[in-house]
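In: Just to be clear, the model below is a prediction. Sequence and coordinates:
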Amino acid sequence: MSKELPTPMKTLGEVSAELLEAFKKLREVAQKPGRLDKKTKRLALTAAYASIGCVDCLAGCIIEGLREGIDLNELLEAASIAVLVHGAEAVITIHKAVSIVKTKMK
């Protein structure tokens, strides 16, 4: 899990440090390997973030996946599943997120 805190989470922390800590704990527990391994959970998160249209969430998820050793093509294939759920908007979200990833990974 990335140690870098996204800006919206920093804002949450300014409002309530306790709520931020609870969210971070939930995130840690939800991503912990269980019946599904870490990679499968990362791929599922990638599809979910693409589906809801959160560009920054998707870009962060892809970057974390790359750092965990997941191939970019696997992450993008998982993200493309969102097209079935959310149509063309998911395509735009994926495109914008990949642009962010390319910029940050230079």
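Out: Good, I have the coordinates. What you see is a predicted model; the values in this text were computed from it and never measured. Numbering: from 1, shown residues only.
In: got the residue ranges for the helices in this protein?
Out: For the chain, applying DSSP state H gives helices covering 7-15, 17-31, 38-52, 55-67, 72-80, 82-86, 88-104.
In: For the first one, name the packing helices and strands.
Out: Counting by 3 or more Cβ pairs under 8 Å, 6 or more residues apart in numbering; DSSP states H and E, the packing neighbours recorded for helix 7-15 are helix 17-31. Glycine gets a C-beta too; all of them are placed from N, C-alpha and C.
In: Return the helix it packs on as CSV; C-alpha atoms alone will do.
Out: Once non-C-alpha atoms are left out, helix 17-31 reads as follows in CSV (Å, rounded to 0.1, in the frame of the first residue of the first chain):
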residue,chain,number,x,y,z
ALA,A,17,-8.0,12.8,12.3
GLU,A,18,-10.0,10.0,13.9
LEU,A,19,-12.1,9.5,10.8
LEU,A,20,-9.0,9.4,8.6
GLU,A,21,-7.3,6.8,10.8
ALA,A,22,-10.5,4.7,10.7
PHE,A,23,-10.6,4.9,6.9
LYS,A,24,-6.9,4.0,6.6
LYS,A,25,-7.5,0.9,8.8
LEU,A,26,-10.5,-0.1,6.7
ARG,A,27,-8.4,0.3,3.6
GLU,A,28,-5.6,-1.8,5.1
VAL,A,29,-8.0,-4.6,6.2
ALA,A,30,-10.0,-4.6,2.9
GLN,A,31,-6.8,-5.0,0.9
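In: helices or strands next to that helix in the packing?
Out: helix 7-15, helix 38-52.
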